[in-house]
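Asks: This is a predicted model, with the sequence first.
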Amino acid sequence: MENAKASKLERPVPAVAAVVGGLRLHEFSSRIYRNTRMLRVWLPPDYDMPENAARHYPVFYLNDGQNLFDPATAFAGVDWQVDETADRLIREGRIDPLIIVGIDNAQGDRIKEFLPYRSFSPPVLRPQGKRYPDFLMNEVMPFVYERYRIARGPENTGLGGSSLGALISLYTALDRPGIFGRLLLESPSLFVSSRRILKYSRYFRQWPERIVIGVGTREAGREDKDRQVVEDVRELQHILQHAGLGDDRLRVRIDVGAAHNEAEWGKRFPEALSFLFAK
């Protein structure tokens, strides 16, 4: 029966598209946000083989789904190459097969949805980010569970994003502890609302089992702001280490000269995926 919360449009991407592996598109309507977007579900090799019919797979939810798989939909025509990377790492045996769900942003409402706090930079006085955990857990995840063979438990569930998409991922992990065991934060916008997310993080203890943080030293394009971005990441690193996360649970990569864009996040994705979902 069709999910009352979402209309379903399953369209395997044609072979001519610049996508490696099986990518299924779902038109998804949210009651919480009262809008519609695409969910992009990437399936691992051999998912549809009869011998795997009873197999359940880890799942990795990533924000800004438009930018993950296909340059035709990605910002500035550059995607993360998530499909190529996941396919290669699986075939090389470095990670177990997994499902990756790209959640498209709401375009004009992206900033509002990804901001959990009121902000003057960027100027958003009516943020909607505090609704995001409910949107993800009560709408997106049930939709995916209903249609795909998803393994349960935090060890099989990841969440991540870049920039404001990383900020809302961190906020969700803090707001819903024990749900996500894998967390990817690329160039996280920790500066929002006078670094409120960092203040909240200091008192949090139930962190995901594995966390990857990536950032460049040329994120903002201005020396003082570039330095502050890196310092914010270093502060989050210290918070996590103080909470007991050692090298077996935490990876922080600071790329000298790297900017704030999809190309850089895509370059770091193989290392991040290998650590978060290593065998």
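Replies: That came in fine, so what should we check first? Since this is a predicted model, take the numbers as computed values, not measurements. Numbers count the residues shown, from 1 in each chain.

Asks: so who does the nearest residue to residue 191 once chain neighbours are set aside touch?
Replies: Take residue 191 and drop its neighbours on the chain: the residue closest to it by Cβ to Cβ, 6 or more residues apart in numbering is residue 232, 6.2 Å away. C-beta: built from backbone N, CA, C; applies to glycine. Neighbour list for residue 232: 188, 190-191, 195, 198 [criterion: Cβ atoms under 8 Å, 6 or more residues apart in numbering].

Asks: Also residue 257?
Replies: Residue 257 touches 216-218, counting by Cβ under 8 Å, 6+ apart.

Asks: so what's residue 28 bridging to?
Replies: As for beta bridges, residue 28 partners with residue 37 under DSSP bridges.

Asks: Quick one: neighbours of it, just the number.
Replies: Other residues lying near residue 28 total 22 when counted by other Cβ atoms under 10 Å.

Asks: Residue 65 versus that one, what's the distance?
Replies: 10 Å (Cβ to Cβ, to the nearest Å).

Asks: cool, residue 185 as well?
Replies: Noted for residue 185: a distance of 17 Å to residue 65, by Cβ to Cβ.

Asks: can you map out the strands along the stretch 1-150 of the chain?
Replies: Here the stretch 1-150 of the chain has its strands, by DSSP state E, counting those that start in this stretch, at 11-12, 22-30, 35-43, 59-63, 99-103, 119-120, 123-124.

Asks: what would the ones you listed look like in a markdown table with distance to residue 52 and mean pLDDT?
Replies: Listed next are these as a markdown table, based on distance: least, Cβ to Cβ, whole Å; pLDDT from 0 to 100:
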| stretch | distance to residue 52 | mean pLDDT |
| --- | --- | --- |
| strand 11-12 | 17 | 53 |
| strand 22-30 | 13 | 95 |
| strand 35-43 | 10 | 97 |
| strand 59-63 | 15 | 98 |
| strand 99-103 | 12 | 98 |
| strand 119-120 | 45 | 88 |
| strand 123-124 | 44 | 88 |
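
Asks: Find the nearest non-adjacent residue to residue 69, please.
Replies: In this structure, residue 69 finds its nearest non-sequential neighbour in residue 83, 4.9 Å apart by Cβ to Cβ, 6+ apart.

Asks: For the nearest residue to residue 32 once chain neighbours are set aside, give me its contacts.
Replies: Nearest in space to residue 32, with sequence neighbours left out and distances taken as Cβ to Cβ, 6+ apart, is residue 135 at 4.6 Å. Residue 135 sits next to 30, 32-33, 113 when contact means Cβ under 8 Å, 6+ apart.

Asks: Low-confidence ranges, the chain, go.
Replies: 1-17 (pLDDT under 70).

Asks: how close does the closest residue to residue 217 other than its chain neighbours sit to residue 190?
Replies: Take residue 217 and drop its neighbours on the chain: the residue closest to it by Cβ to Cβ, 6+ apart is residue 256, 5.2 Å away. With distances taken as Cβ to Cβ, residue 256 is found 19 Å from residue 190.
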